[in-house]
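**Student:** could you look at this predicted model? Sequence included:
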Amino acid sequence: MAKDAPPRWDRRMQQRLAHGEAAALGELYDRFASLVHSLAHRVLDDDDAADQVTREVFGHVWEHPGAYDPKQGSMRAWVAKITHRQAVDRLRRTGAAAIAGGSDSTTEELEQQVRRASAAARADYIVTSMPAPLRAALELAYFQRRDYRQTAADLGVTEDEARRRLRLGLQLLSTANPRPPGASDYRQAR
């Protein structure tokens, strides 16, 4: 899987792309196209627009392989970041065009839509990128409505381990929707 790819693979892929190796782009596309399309679709809620963003992302990667810095994170994370930026830019452009065309949407509503779509895309990326044991625990608990005891039994782990996995998975997911500046933190009020 892509998330298990060693940093060496990322550096080598960047070198191959920088040398203009078309097979490298094909390999990168095979590995990350479904991620790119699903993130773009999550933000845009439009298959055609997600297809266009997917083409734009891989075009950008092909044209700018030197923009990737392995010290800043994985190739997967870099591609996801480009995807998110491209999809949000497209959403803003189409929203701005709708506002200019006399739509009832306001700029504030558009920004709220962008924030919601961004948080949803980040949550999707976090879930697909988290370690398999955490993802499996969350899927059992939330999609199959298992409690932590049933989750532990299904996974063949102790109840404490199931609780730990669920807690860690939820902590990772909580980073998908950061608090806006100035928002009060309910934990401080307690």
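**Tutor:** Right, received. Where do you want to start?

**Student:** give me the number of residues near Arg135?
**Tutor:** Residues lying near Arg135 (other CB atoms under 10 Å) number 17. For every residue, glycine as well, the C-beta is placed using N, CA and C.

**Student:** next helix or strand past the host helix or strand of it?
**Tutor:** Using DSSP states H and E, Arg135 sits in helix 132-138. Later in the chain than helix 132-138, the nearest helix or strand by DSSP H and E is helix 148-155.

**Student:** roughly how far out does that following helix sit from the chain middle?
**Tutor:** Mean C-alpha position of helix 148-155 versus that of the full chain (CA atoms, centre = their mean, to the nearest Å) differs by 27 Å.

**Student:** packing partners for that helix?
**Tutor:** helix 132-138, helix 159-174 (3 or more CB pairs under 8 Å, 6 or more residues apart in numbering; DSSP states H and E).

**Student:** would you mark the buried spots in the first one?
**Tutor:** When you say that, I think you mean helix 132-138. 133-138 (16 or more other CB atoms under 10 Å).

**Student:** so which of the residues you listed comes closest to Leu173?
**Tutor:** Leu138 (7.6 Å; CB to CB).

**Student:** any idea how far Tyr148 is from that closest one?
**Tutor:** For Leu138, the distance to Tyr148 equals 11 Å [CB to CB, to the nearest Å].
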